[in-house]
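Engineer: give me the fold of what follows.
(5 chains)
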Amino acid sequence: MSWQVHLPALVVSVPLLGAFISIAMVKPRLRNLWFATILVATTILAFLMWRYVAINGTLVYVMGGERWNLTLPSGMTLPIRIIMEVDAFGAFMALAGSIATLASGLFSVRFLDRVNDGNKFVALFFLLFAGMLGLEVTGDFFNFFVFLEIASVASFGLIAFWRDRPEAIEASFKYAVLSTFVALIFLIGVGILYGVYGTLNMAAIAKNMQVGFLEKLALVLFIVSLAMKSGAVPLHMWEPDAYGQAPAGVSCFLVVVGQASLYGMFRIAFSVYGQAFEGSVLAWVIIVLGLLSMFIGVIMAVIQKEAKRLMAYHCISQTGYMLMGIGLGLLALSSSQAMSEYGFTAMKGGIFHIINNAMYKGLLFLTAGSLFYATGTTNLNKLGGLARKMPYTTFMFAVAAAAIAGLPPFNGFVSKLLIYESSFVVHPFLAVVAMVTSILTLASFVKVFQSGFLGPSRDDLNNVREVPLSMVVGMMVLCVMIISLSMMPNWVLANLIEPAARDLVNQASYIQAVMGSGL
Amino acid sequence: MKGPRVIFLIFFVIFVGILCQGLYNIHPYGEPRVSAMDDYFINNAQSERAANNVVTSIVFDYRGFDTLGEAAVLFTAVMSVAALFRKEE
Amino acid sequence: MRPLSIVVRTICNIFAWFVAIFGAYVILHGHLTPGGGFQGGAIVATFIALLLVAHGGKSFLGWVKKEIFSSFEGAGLVAFVCVGFLGLSTTFLYNFLALKGGLFGSAVPIGPNAGVLNSSGTIALANIAVGLEVVGGLSAILIFMFLGMRYVSEGGKEGVKDDK
Amino acid sequence: MINNIPMLTVGALFVIGLYGVLFKRNIIKIAIAVSIIESSTNLFLIVLGYRTGGSIPVYTLAGEFKKMVLPTPQALTLTAIVIGLATTALLLTLIMLLYKHYGTLDVHEIRRLRG
Amino acid sequence: MVLGTVYTGFGFWNVYAWVMFFALGALIVLFLRSTGRGDYEKGTYQDEVFYGGNPVPQDGEDLAVPASSSYWGFTKALSRFYDVLVSIHTGILSDYMGILVVTVAVISILILL
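Structural biologist: Numbering: from 1, shown residues only, chains lettered A, B, ... in the order given. Now for the predicted structure:
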């Protein structure tokens, strides 16, 4: 037994420990060092976990059990302890999320010097990190709820971090009420499943699942609450407010936290309900949510004039691509012919889009943050001619904008291509909406580029200089990731995306990992 | 602003009706359907973990990780309140 | 917050300590009786709240620094996580003390019994750690909200300062 | 029907809370309504685990008992209560700051972010 | 060229083909640039801005098109659609909660029936 079996526990508890200790850091230099250390350590742990899962298959870990893989105690048919279950999809999400977090953390180091209480920012940042990773490794419904709450509460604090700005408090308050309510209906869903099956483990519930009225009701509550947390369209109103008002590093981070909720939704739809759920209503609900998110998100983004608010609307529309891609996979789940025809391709596209979005959307938020750092505003009407003064930021922005718009050499194009071609098989309308969305995305980023970076230089921005080195390094991490994802798409598809898609589809192996190895 | 309120009220009634139907369907009050996991706790908490209080043995041992998370939520709330009421810069 | 009248303060000085002691009892007997770290911690935090209300914030903060509560909280949580890490030779949060003899290691009679204080392993340790954390955390929330009241009432105008 | 009164209480609390969140204008009342929904959820979990005639799941000086109520929902409820406490504290803090900045508690006037 | 090729199930796509395409474009641009006039000098009348014959404003703010004017025609043409869409984002928390409840109800009707 190598120490690596403990990785699912370590990957959550190390950032938690970092958060608890960080309030004792008195000196700013020490605190920054601690911040960077824990971030890098957790990223390495996430990478090791991904590698372990890639080599050894699905990893289960029994919290506090006699053995790490003793999921069923003798004589029991139900697991009794909390079980962490990491398959390739979860490990992939954790890896993508922690890379984006590393970048936003490096970006935020200099930001900490400007505030009075950097320790609290660091603690909240780590807690949000732990919450996000916990969502992605857990295999237990109630534990999922707990991590959802950690992530939510930490993000309320971080969104409102600039408490002297009324808008930040307002955004945080709206998000807080909505997300508390949504977490409560999630808990009601968990309670319903507990009342019916007497257990809280996802795999055990999946094994005994017989879909009736109660299960469907619980499914509705889960889907709606997680769709709201990830910002799908009829429930997206909080997202532009929150992402637009949070500090820039946090906005970059909130993107991956939203994707963690999306992960939970797919996990419940595929691994818990899966083939037990007859008919294609669920898949169509997810696809329609995706379509609405794509189109309305981007169409609202075109008319925004605040850079971060515009990017937040784009975040909604990118969420739509993932919802549609994976919803198409769910549509094809019951027939293997449809799966090989379009379903698997669509899922590959959707999952590839998750990592792409984490990288380029994070980078865009970081460039918006450095615009704010340098000029003090993100209102596009007040910016202009910054390309000469901030060459690195301009370059990064151009790369990220090209990638998000799906211009050919970049990675955004690959995932969008996979989604276009597979959705065209199901119905041409889906592909048309996806393409129109892509075009409007390009249009709105051309607008940002034109009014923010191009044009003659303004008198009131004469003193603007390039942002400090650590911020550039933070952006550079994501930029390098984007370029390498673009330059070797087939390696990425074969090693990162395909195992994740295969494990997500394969409900039997998910159940087997927990329920099969009992004595 | 009269219109949206009425729509919300209608759908509010629908949602609550569905939810109450679900609550009614779960099981009769006082007779849980399945209790294998809970019976395991009740029978084995004393012999496995030497804990007289079964609830505490669940909170801190069998589902200890939840409790860690919950303590972290409280910590998060304290940190958020402290960050929002921090000293003036 | 102004201090309350002398009657309230005197009564509070005498009886608040019983609250604290009862809270400590609930924390320490968490593995035997109903209650535990959270409940006991909340009771002890009531003690702090009583003192804060009766004597007013200014004199209370003259006696105790608010950093003490933060450090209580941090210490409790670090202790809890360390209990988890110490079990790591088996699994995270493994109960490595129960039924081993030694600290909190005695067995208990099966069935209803009078209770053995020295039992249940890390459950008792975690109870104490969480108790510390909750005392610190709830008191810190109270104190920060008290301090925040001043911040809220003195401003009142919007958008005071735009801290970049 | 009479046996299901705890379930009905859950439903009634949920309705009251959700009505408050949707149709009340004072943000403190909205926070209270969120707390009421929280209570209904906690009560729901407790109700799930009740067994008729069961005693509390604590062996210390338990005396004679036939069966115990299910302990897991109680543990879950403990966790959910603390989480609810944390979110309520944070909501109240945000309300204090909102009052400082906007000078009002009416939810219809706190709408600077729109469009 | 196996490296960089992605098979989508319907066709394939290669990233290096695109990179080479862009490199070719860059070469052409460089070639065109090299054929430019040799008597160009910086700092003379040659790089002055031509502003329709009018005097050029000193501050760049007067020259730039503000971001809220971009795509004016587009938003104008779709203004009825946009009015509806913007009016949904009222900024009032109660409305957001109401939309959430409506969504739950609609999805539960769809899935439960």
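Engineer: any idea how far the host helix or strand of A:E215 is from the chain center?
Structural biologist: In this structure, A:E215 sits in helix A:213-230 according to DSSP states H and E. The chain centre lies 19 Å from the centre of helix A:213-230; the measure is CA atoms, centre = their mean, to the nearest Å.
Engineer: can you check stretch A:501-509 too?
Structural biologist: Here the centre of stretch A:501-509 is set off from its chain's centre by 20 Å, with CA atoms, centre = their mean.
Engineer: residues contacting that stretch, please?
Structural biologist: Stretch A:501-509 is contacted by residues A:57-58, A:87-89, A:206, A:266-267, A:270-271, A:274-275, A:326, A:329, A:333, A:339, A:344, A:347-348, A:351, A:510 when judged by CB atoms under 8 Å, 6 or more residues apart in numbering or on different chains. In short, each C-beta sits where N, CA and C put it, glycine included.
Engineer: where helices are concerned, which of the residues you listed count?
Structural biologist: With helices defined by DSSP state H, the entries of the contacts of stretch A:501-509 inside them are A:88-89, A:206, A:266-267, A:326, A:329, A:344, A:347-348, A:351, A:510.
Engineer: out of those, give me the two with the largest separation.
Structural biologist: Farthest apart among the ones in helices among the contacts of stretch A:501-509 by CB to CB are A:A206 and A:K348. That separation is 23.2 Å.
Engineer: what about the two, which has more around it?
Structural biologist: Neighbour comparison, A:A206 and A:K348: the larger count goes to A:K348, with 27 against 23 (by other CB atoms under 10 Å in any protein chain shown).
Engineer: so that one touches A:V492, yeah?
Structural biologist: No. The criterion here is CB atoms under 8 Å, and A:K348 misses it with A:V492 at 10.3 Å.
Engineer: tell me the SS of the nearest residue to A:V153 once chain neighbours are set aside?
Structural biologist: If the residues on either side of it in the chain are set aside, A:V153 comes closest to B:T76, at 4.5 Å by CB to CB, 6 or more residues apart in numbering or on different chains. In three-state terms, and counting by DSSP: H, G, I helix; E, B strand; the rest coil, B:T76 is helix.
Engineer: how deep is B:T76 tucked in, by neighbour count?
Structural biologist: A count of nearby residues for B:T76, using other CB under 10 Å, gives 33.
Engineer: per-residue confidence at it?
Structural biologist: B:T76 carries a pLDDT value of 93.
Engineer: check contacts around it.
Structural biologist: By CB under 8 Å, 6+ apart, the contact set of B:T76 is A:124, A:127, A:150, A:153-154, A:157, D:86.
Engineer: switch the cut-off to 10 Å
Structural biologist: Contacts for B:T76 were tallied using CB atoms under 10 Å, 6 or more residues apart in numbering or on different chains; they are A:19, A:123-124, A:126-128, A:130-131, A:149-158, C:137, D:83, D:86-87, D:90.
Engineer: okay, helices next: where are they in chain E?
Structural biologist: Under DSSP H, chain E gives helices at E:15-34, E:72-77, E:79-88, E:93-112.
Engineer: whoops, I mixed them up, chain C
Structural biologist: In chain order, chain C shows helices spanning C:6-28, C:37-63, C:66-86, C:122-154, with DSSP H as the criterion.
Engineer: go on, chain D?
Structural biologist: Counting by DSSP H, one finds helices in chain D at the ranges D:5-23, D:27-48, D:71-102.
Engineer: quick one: closest of those helices to chain E.
Structural biologist: For chain E, the closest of these is helix D:5-23, at 5.4 Å, according to CB to the nearest CB.
Engineer: and that closest one, is it in reach of chain A?
Structural biologist: Yes. Between helix D:5-23 and chain A, judged by CB under 10 Å from any CB of the partner chain, the touching residues are D:10, D:14, D:17-18, D:21.
Engineer: buried set for that helix?
Structural biologist: Of the residues in helix D:5-23, those buried under the neighbour-count criterion (16 or more other CB atoms under 10 Å in any protein chain shown) are D:6-7, D:10-11, D:13-15, D:17-18, D:20-23.
Engineer: overlap of the contact sets of A:K348 and A:V492?
Structural biologist: Taking CB under 10 Å, 6+ apart as the contact criterion, the common neighbours of A:K348 and A:V492 are A:414, A:498, E:6.
Engineer: A:L485 is in contact with the last one, correct?
Structural biologist: If I follow you right, that is E:V6. No. Taking contact to mean CB atoms under 10 Å, the distance of 11.8 Å between E:V6 and A:L485 leaves them out of contact.
Engineer: overlap in contacts of those two?
Structural biologist: Listed as contacting both E:V6 and A:L485 by CB under 10 Å, 6+ apart are A:352, A:414-415, A:492.
Engineer: most neighbours, which of the shared contacts of A:K348 and A:V492?
Structural biologist: Ranking those using other CB under 10 Å puts A:V414 first, with 28 neighbours.
Engineer: without its sequence neighbours, what residue ends up closest to it?
Structural biologist: Closest residue to A:V414 in three dimensions, ignoring its sequence neighbours and counting by CB to CB, 6+ apart: A:P489, at 4.7 Å.
Engineer: now the phi/psi pair for that neighbour, please.
Structural biologist: With angles defined as degrees, to the nearest 10, A:P489 shows backbone torsions of phi -70, psi -30.
Engineer: which residues touch it?
Structural biologist: A:352, A:410-411, A:413-415, A:417-418, A:497, E:3-6, E:13-15 are the contacts of A:P489 under CB under 10 Å, 6+ apart.
Engineer: from the residues you listed, which land in strands?
Structural biologist: With DSSP state E as the criterion, strands contain E:5-6, E:13-14 from among these.
Engineer: for chain D, what lies in contact range of chain C?
Structural biologist: D:55-65, D:74, D:78-79, D:81-82, D:85-86, D:89-90, D:92-93, D:95-103, D:112.
Engineer: of those, list those near chain A.
Structural biologist: Here is what survives when these are matched to chain A using CB under 10 Å from any CB: D:79, D:82, D:86, D:89-90, D:93, D:95-102, D:112.
Engineer: what's the closest of those residues to chain A?
Structural biologist: Where these are concerned, and distances follow CB to the nearest CB, chain A has its nearest neighbour in D:H101, at 3.7 Å.
Engineer: surely that closest one and D:E109 touch.
Structural biologist: No. When contacts are counted by CB under 10 Å, D:H101 is not listed as touching D:E109 (11.5 Å).
Engineer: more crowded one of the two?
Structural biologist: Set side by side, D:H101 and D:E109 show unequal neighbour counts under other CB under 10 Å, the larger going to D:H101 at 24 against 13.
Engineer: skip the chain neighbours and tell me the closest residue to the more buried one.
Structural biologist: Excluding its sequence neighbours, the residue lying closest to D:H101 (CB to CB, 6+ apart) is A:P166, at 3.7 Å.
Engineer: how near is the closest residue to chain C within chain B to C:A129?
Structural biologist: Among all residues of chain B, B:F85 sits closest to chain C, at 3.7 Å; criterion: CB to the nearest CB. From B:F85 over to C:A129 the distance is 26 Å, taken as CB to CB, to the nearest Å.
Engineer: what of C:I27?
Structural biologist: Counting by CB to CB, the gap between C:I27 and C:A129 amounts to 10 Å.
Engineer: what's the overlap in contacts for these two?
Structural biologist: Taking CB under 10 Å, 6+ apart as the contact criterion, the common neighbours of C:I27 and C:A129 are C:G37.
Engineer: ok, the longest helix along chain B near chain A or not?
Structural biologist: Longest helix in chain B, counting residues (DSSP H): helix B:2-25. Yes. Counting by CB under 10 Å from any CB, contacts between helix B:2-25 and chain A involve B:15, B:18-19, B:21-23, B:25.
Engineer: give me the buried entries from these.
Structural biologist: In terms of neighbour count (16+ other CB under 10 Å), the buried residues within these are B:15, B:18-19, B:22-23.
Engineer: done for today, thanks.
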